[in-house]
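> Fold the following, please.
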Amino acid sequence: MNGKTVSCGIVLLDPIGRVLLAHATGTGHWDIPKGQGEPGETEAQSALREMVEETGIAIDAARLVDLGRFVYRRDKDLHLFAVRAEAGELDLSQCHCVSLFPRRYDGVMIPEMDAWAWVAPADVDQYASRSLARLFGTTLSLAGLHGQL
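You can find the predicted model right below:
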């Protein structure tokens, strides 16, 4: 291996091509649902588990389109999958995060993600981290993906 961690995630697009982003609690960052795999998991299993943990949305593995591995940051690559959201997955008021972490200043366990939004490709830069915005702006076109799915 190259020493990089690999984060597995899902690019979930709604019927008009907006991408699902989740707000990382206590930060200014919005991100796609993603995270590192657990021992014995395939990339697809990791991505599906992270989606459930961070949004409550359970997706059938058969719906995943494997986009492959992308350079993300110096220390991390992303293995991404794409899915077109179905009617029952569009209502973000149903989203919830069961993945918890200790808040920095008092150790209270809080959800990793605390808000969700459908974001148009042209608006991703206003939400996403520089790394994610760069990925969508260069290597992985959301508009192109919308046309593919």
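> Could you pick out the longest helix of the chain?
helix 43-55 (DSSP state H).
> Buried residues, that one. List them.
Buried residues in helix 43-55, counted by 16 or more other CB atoms under 10 Å: 43-44, 46-51, 53-55. Backbone N, C-alpha and C define where each C-beta goes, glycine included.
> got it, and stretch 84-92?
For stretch 84-92, by 16+ other CB under 10 Å, it's 84-85, 89, 92.
> closest to residue 129 among those residues?
Lowest distance from residue 129 to the buried residues of stretch 84-92 (CB to CB) belongs to residue 92, with 19.9 Å.
> tell me the contacts of that closest one?
Residue 92 makes contact with 20, 116-118, according to CB atoms under 8 Å, 6 or more residues apart in numbering.
> From those, pick the one nearest residue 70.
Using CB to CB, the contacts of residue 92 come closest to residue 70 at residue 20, 17.7 Å.
> Run through who's touching the helix or strand containing residue 7.
Assessed by DSSP states H and E, residue 7 sits inside strand 5-13. Residues from elsewhere that reach strand 5-13, judged by CB under 8 Å, 6+ apart: 19-20, 32-37, 43-44, 46-48, 50-51, 57, 59, 64, 67, 69, 72, 75-85, 89, 140, 142, 145-146, 149.
> Can you name the element that comes right after that strand?
strand 19-24.
> between that following strand and strand 5-13, how big is the angle?
With axes from the mean of the first three to the mean of the last three CA atoms, to 10 degrees defining the directions, strand 19-24 sits at 130 degrees from strand 5-13.
> Just the mean pLDDT for strand 19-24, thanks.
Strand 19-24 shows a mean pLDDT of 97.
> What's the ChimeraX syntax to select whichever of the contacts of residue 92 are buried?
The buried residues among those can be selected in ChimeraX (16+ other CB under 10 Å) with this line:
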select :20,116,118
